[in-house]
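got a predicted model here, sequence first, then my questions.
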Amino acid sequence: MNYLKLFITCVVVLITTNLQAQSNYEKGMEKAFDLWETNPIEASQLFERIAAAEPDNWLPSYYAAETLILDGFTKLSDKSVLEAQLKQAQIFLNDATAISKDNPEIMVMQALLHTVYVASDGATYGITLSGKIMALYTQAEKLAPNNPRVVLNKADWEIGGARYFGQDTQPFCKDVERALELFTTFKSEIKFYPSWGKERAEEILKDCK
C-alpha cells in the first residue's frame with residue numbers, strides 16, 4: 001500500500017509540475033506578445049529567455065527572430081543598428097532550425113530576414129540574396145503547399161520582382177487571393193503557432209486591384 005501511495009504521489013507531483021511549467025510558458029509568451037506592441041526589442045529579449053527555458057520548443061526562438069526582423073523594416077537607413085539586429089535574428093533562426101528542421105514557417109522567416117537586407121541595400125544584397133530567397137520559398141512550398149504564409153510571402157516576393165522588371169503581376173495576385181482563402185481554413189493545434197499574414201494579404205490585394 002505504501003508503494004502505491006508513493007507512486008500516486010509521484011504521479012501527482014509530476015503532473016502538477018508539468019502544468020505549472022506549461023502555465024509559466026504560456027504566461028511568458030503572452031507577456032512577450034503584449035510587449036511586442038510597444039517595444040519589439042524587449043519582446044525579443046523576453047522570447048529569448050523563454051527559449052532558454054524551453055530548449056525543445058522552436059517557437060520562442062522563432063518569435064525572438066521575427067520581432068527583430070519585422071522591426072528591421074523600420075530601420076533600413078540605420079545600417080549599423082540594422083546589421084547588429086539582423087545578425088542576432090539569424091542566431092535565433094539558427095536555434096529554431098536546430099530544434100525543428102525542414103520547417104516551412106522558419107524558412108519563410110529566413111526569407112524575410114534576407115528581404116530586409118535587400119530592402120536596405122538592393123545594389124549590395126539583391127544579386128547575392130534574391131536567389132536564396134526564392135529557393136527558400138520554393139522549398140517551403142514543396143513542404144507545405146497549403147500554408148497561407150508560404151503562399152502569401154512567395155507571391156509577395158514575386159510581385160515585387162515583377163514590378164521591378166516591368167512585368168505583369170496578376171498571376172501572382174491570384175496566388176495572394178488563394179493565400180487569403182487559406183487563412184480561413186489553415187489551423188494548427190500547437191499553442192502560439194504562427195497565424196500572421198492575413199492583413200498583409202488584404203493590403204496586397206488592394207494594390208493588385
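Yep, it's here.

who are the packing partners of the helix or strand Gln110 falls within?
In this assignment (DSSP states H and E), Gln110 forms part of helix 104-120. If you count contacts as 3 or more Cβ pairs under 8 Å, 6 or more residues apart in numbering; DSSP states H and E, helix 104-120 packs onto helix 58-72, helix 79-99, helix 122-143, helix 148-164. In this view, the C-beta of every residue, glycine as well, is placed from N, C-alpha and C.

now Leu68, nearest residue through space, not along the chain?
Ala89 (4.0 Å; Cβ to Cβ, 6 or more residues apart in numbering).

now do the one you found, the pLDDT please.
Ala89 is assigned a predicted lDDT (pLDDT) of 98.

tally of neighbours for it?
26 (other Cβ atoms under 10 Å).

now Phe165
Counted with other Cβ under 10 Å, Phe165 comes out at 7.

give me the pLDDT for it.
89.

distance check, it against Pro171.
14 Å (Cβ to Cβ, to the nearest Å).

pull out the CA atoms of stretch 106-123 and give them to me as CSV.
Listed next in CSV are the C-alpha coordinates belonging to stretch 106-123 (Å, rounded to 0.1, in the frame of the first residue of the first chain):
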residue,chain,number,x,y,z
ILE,A,106,11.1,29.1,-40.2
MET,A,107,12.0,29.1,-43.9
VAL,A,108,9.6,31.9,-44.6
MET,A,109,11.1,33.9,-41.7
GLN,A,110,14.6,33.3,-43.0
ALA,A,111,13.5,34.6,-46.4
LEU,A,112,12.1,37.7,-44.7
LEU,A,113,15.4,38.3,-43.0
HIS,A,114,17.2,38.2,-46.3
THR,A,115,14.5,40.5,-47.7
VAL,A,116,15.3,43.1,-45.1
TYR,A,117,18.9,43.1,-46.3
VAL,A,118,17.8,43.5,-49.9
ALA,A,119,15.4,46.4,-48.9
SER,A,120,18.2,48.1,-47.0
ASP,A,121,20.7,47.9,-49.9
GLY,A,122,19.5,46.4,-53.1
ALA,A,123,22.7,47.0,-55.0
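
pLDDT of it, averaged?
97.

next, the buried residues of that stretch.
106-118, 120 (16 or more other Cβ atoms under 10 Å).
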